[in-house]
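[1] Any chance you could fold what I've pasted below:
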Amino acid sequence: MKKFYVLGFSCLFVLTSLYSYSQDEALSKDTTKGKGSRHVSFGIRAGANFASVVARKDNTPKGADIFIRPMGAVYASIPLRKHLAIQAEVLYNGLGWKEKTYPENKFIKYGFTCISVPLLAKYSIENTGLSLYLGPQADFLLSAKVKSDSTVDIKDNYKSTGFTAVGGLEFLFTNGFNISVRYQLGISNLVKNPNPDEYLKLHAFTAGIGYNF
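    Residues are numbered from 1 along each chain as shown. Got it, this is the predicted structure:
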């Protein structure tokens, strides 16, 4: 339940930012005097997800190791105020986890691939290049496979959509390049028709490098 509060707070933060923008739009137009200080910017980003899972089945916590997966994104940043913007993104989002078998010491790899759509409120700290962001993310499952000696499709065992809370920071260089880190906190139980006390939620620490056009 606490994780739903996190997602709710993220949504509220974004909505509050939009409301603040609507209240100040007329004043902003007067102060900028048509000089074009407010404009939408676009960018691309690539990086890696250090992905894992929080899961429980039959009242036993499920252990997992980090699985490094690819991530790529396009995004648009829409200024609201001088230091505040809404950033909408579309991500190719590789998630999952690894499990080690004993005594074979082999890894079983669970790979989930999603198209993810975050909507983030972004606050820029003046004269630093540093920005902080927070918001909700919708995830649309493209594939889910488990790989050991062979590869098995397990997509039918999981829900096609889920929700995530996202928070992170970004540093923008003067040449348009940026580096960012974020944490994706899975909110939704992705197990289709779960038993009591059975759940699976995907998480990832993400590092990326991008460019603002």
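[2] Tell me the buried residues in stretch 203-213?
    203-204, 206, 208, 210, 212 (16 or more other CB atoms under 10 Å). Bear in mind the C-beta positions are built from the backbone N, C-alpha and C, glycine included.
[3] gap between the strand or helix carrying Thr206 and the chain center?
    Using DSSP states H and E, Thr206 sits in strand 199-212. Taking CA atoms, centre = their mean, to the nearest Å, the mean C-alpha location of strand 199-212 is offset from the chain mean by 5 Å.
[4] Also stretch 134-143?
    7 Å.
[5] For stretch 73-80, list the C-alpha coordinates in PDB.
    What follows is stretch 73-80 as a C-alpha-only set of coordinates in PDB (Å, rounded to 0.1, in the frame of the first residue of the first chain):
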ATOM      1  CA  ALA A  73      14.500   7.000 -24.900                       C
ATOM      2  CA  VAL A  74      13.200  10.000 -26.700                       C
ATOM      3  CA  TYR A  75      11.800  12.900 -24.700                       C
ATOM      4  CA  ALA A  76      10.300  16.300 -24.800                       C
ATOM      5  CA  SER A  77      10.700  18.900 -22.100                       C
ATOM      6  CA  ILE A  78       7.900  21.500 -21.800                       C
ATOM      7  CA  PRO A  79       8.800  24.600 -19.700                       C
ATOM      8  CA  LEU A  80       6.200  25.700 -17.200                       C
END
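[6] which one of the buried residues of stretch 203-213 sits closest to Pro79?
    Asn212 (12.6 Å; CB to CB).
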